[in-house]
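Student: Below are the sequence and a predicted model for it; my questions follow.
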Amino acid sequence: MNAIGEAILQNLNTLIVVIDPKGEVSYTSPSVQRLLGFNTTELLGNGWWNLPRASAEEGLLVKKQILSVIEKSDKIKISEFEREFYTSRGEKKVVVWNCNPTEDGSLVAIGYDITKRKHTETLLDKKIKELQVKNSEMLESIAYAQRIQKSILANPDGLSEYVSDSFIYYQPKDIVSGDLYWYYKKENKLYVAAIDCTGHGVPGALMSVIANGLLRTTIVKRNLANPAEILFALDEELQSALLTEGAADGMDIALAEIDLDTKKLKFSGAFRPLVLIRDGKLIEYKASKYPIGLYAGIEKKFDLHEFDLQTGDALYLFSDGYSDQFGGENSKKFNRKHFYELLLSIQDMNLTEQTSFLEYAHNNWKQDEPQTDDVLVIGLKV
């Protein structure tokens with residue numbers, strides 16, 4: 001072979017080995033010295049099966065396998081395979097081989113050094129396994145958080161014990177939710193609330209636990225009754241609980257108080273309205289434009305709405321998750337106007353059917369879009 005050819009073969013990151021029908025090596029390319037550290041002549045004959053191997057036994061086994069391949073080379077397609085080699089300095093190399101038979105029954109093997117690639121793959125596999133372990137631990141923690149959150153949530157079917165019909169459509173974006181439904185009967189008064197805490201997932205769920213505790217403290221222990229007063233007290237309690245100055249944590253809430261004897265309703269909202277549907281018409285009772293928490297130092301005023309309920313009235317309290325869902329043909333928000341039209345369109349259904357239809361409409365709208373936010377809709381008839 002001329003000098004140019006030898007120079008090319010010397011610098012290739014490739015090994016070329018020719019094995020005769022008896023399994024002896026008749027040729028190794030000059031690159032074998034650079035890649036493995038052995039002289040080409042050292043690896044001729046049976047040297048190839050001995051020197052770069054982990055043991056003599058391994059070399060004999062590999063030679064036997066190659067002889068089997070040579071014998072069947074005219075009947076089978078020889079697949080690509082990997083082999084480990086050791087350099088003259090004892091360093092391990094990984095080589096991937098492609099073999100082709102020749103007319104005289106020999107085998108030409110072309111090997112590519114993939115040691116660096118295999119090392120990278122090993123490191124990647126290690127990182128993936130570490131991430132899988134951490135992910136598993138995180139999911140276990142979130143599942144435990146879900147059990148804690150479920151323990152503070154009221155029974156969604158229990159609301160019907162106090163009203164003629166009700167439903168709670170509750171769909172967390174992640175395993176746990178920043179939305180919270182809450183109801184409590186105190187003497188002849190029924191309190192129902194839909195709360196939307198800042199964030200979703202674990203941060204939102206932590207806020208929902210705080211919200212549950214504050215509602216109980218404010219309504220049950222402090223004996224406050226007027227929804228506007230309750231929201232004002234909740235705001236003070238939350239700002240007191242979150243001592244970090246400038247903390248961007250808070251909640252929106254729609255809170256209704258229903259006198260089960262007189263059928264009089266009082267409502268106050270912090271960024272969350274109440275919807276009344278009566279005789280086929282939708283009436284929105286707007287919320288005050290202040291959240292619970294946040295805006296420290298600003299004097300807040302929560303408006304109080306009062307009205308008498310009539311037979312057939314349907315009431316809805318909800319977070320913004322349903323109307324904020326992206327979907328449809330142009331991947332736009334469902335929006336509140338569309339949501340109100342949907343509520344009007346299902347008034348011929350009982351509330352159990354309504355919640356099933358709301359779920360269907362929500363999924364039909366989002367299609368393959370991910371869920372945008374936690375979803376909560378409470379519906380009831382007194």
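Tutor: On my side now, so go ahead.
Student: In contact with the closest residue to Asp74 other than its chain neighbours, which residues?
Tutor: Take Asp74 and drop its neighbours on the chain: the residue closest to it by Cβ to Cβ, 6 or more residues apart in numbering is Pro101, 6.9 Å away. Where C-beta positions appear, they are placed from N, C-alpha and C, glycine not excepted. By Cβ atoms under 8 Å, 6 or more residues apart in numbering, the residues touching Pro101 are Ile70, Ser73, Asp74, Ile78, Leu107, Val108.
Student: Check the contact between the fourth one and Val69; I expect there is one.
Tutor: Yes: taking contact to mean Cβ atoms under 8 Å, the distance of 6.0 Å between Ile78 and Val69 places them in contact.
Student: So for those two, which residues contact both of them?
Tutor: By Cβ under 8 Å, 6+ apart, the residues touching both Ile78 and Val69 are Cys99.
Student: how about Leu15, secondary structure?
Tutor: strand (DSSP: H, G, I helix; E, B strand; the rest coil).
Student: what sits against it?
Tutor: Thr28, Ser29, Ser31, Val32, Leu35, Leu36, Val95, Ala109, Ile110, Gly111, Tyr112, Asp113.
Student: go on, Trp365?
Tutor: Applying Cβ under 8 Å, 6+ apart to Trp365 gives the contacts Gln325, Gly327, Gly328, Phe334.
Student: Phi, psi for it please.
Tutor: Here is the backbone geometry of Trp365 (degrees, to the nearest 10): phi -70, psi -50.
Student: quick one: it and Leu376, what's the gap?
Tutor: 16 Å (Cβ to Cβ, to the nearest Å).
Student: Just give me the longest helix of this structure.
Tutor: Longest helix of the chain, by residue count under DSSP state H: helix 115-152.
Student: That one - contacts with which helices or strands?
Tutor: The contact analysis (3 or more Cβ pairs under 8 Å, 6 or more residues apart in numbering; DSSP states H and E) places helix 115-152 against strand 92-101, helix 201-215.
Student: Helix, strand, or coil at the most centrally placed residue in the chain?
Tutor: The residue lying closest to the centre of the chain (Cα atoms, centre = their mean) is Asp174, at 6.9 Å. Of the three states, Asp174 takes coil under three-state DSSP.
Student: pLDDT at it, what is it?
Tutor: Turning to Asp174, the model gives it a pLDDT of 85.
Student: next one: Glu329
Tutor: So Glu329 comes in at 88 (pLDDT).
Student: need the contact list for Leu44.
Tutor: Counting by Cβ under 8 Å, 6+ apart, Leu44 touches Glu24, Val25, Ser26, Tyr27, Thr28.
Student: Kindly confirm my reading that the third one is in a strand.
Tutor: This points to Ser26. Yes: when three-state DSSP is applied, Ser26 is found to be in a strand.
Student: Number of residues surrounding it?
Tutor: 13 (other Cβ atoms under 10 Å).
Student: Would you work out how far apart the start and end of stretch 84-97 are?
Tutor: End-to-end span of stretch 84-97 (Cα to Cα, to the nearest Å): 11 Å.
Student: what's in contact with that stretch?
Tutor: Contacts to stretch 84-97, defined as Cβ under 8 Å, 6+ apart, come from residues 15, 35-38, 51-54, 80-83, 109-115, 118.
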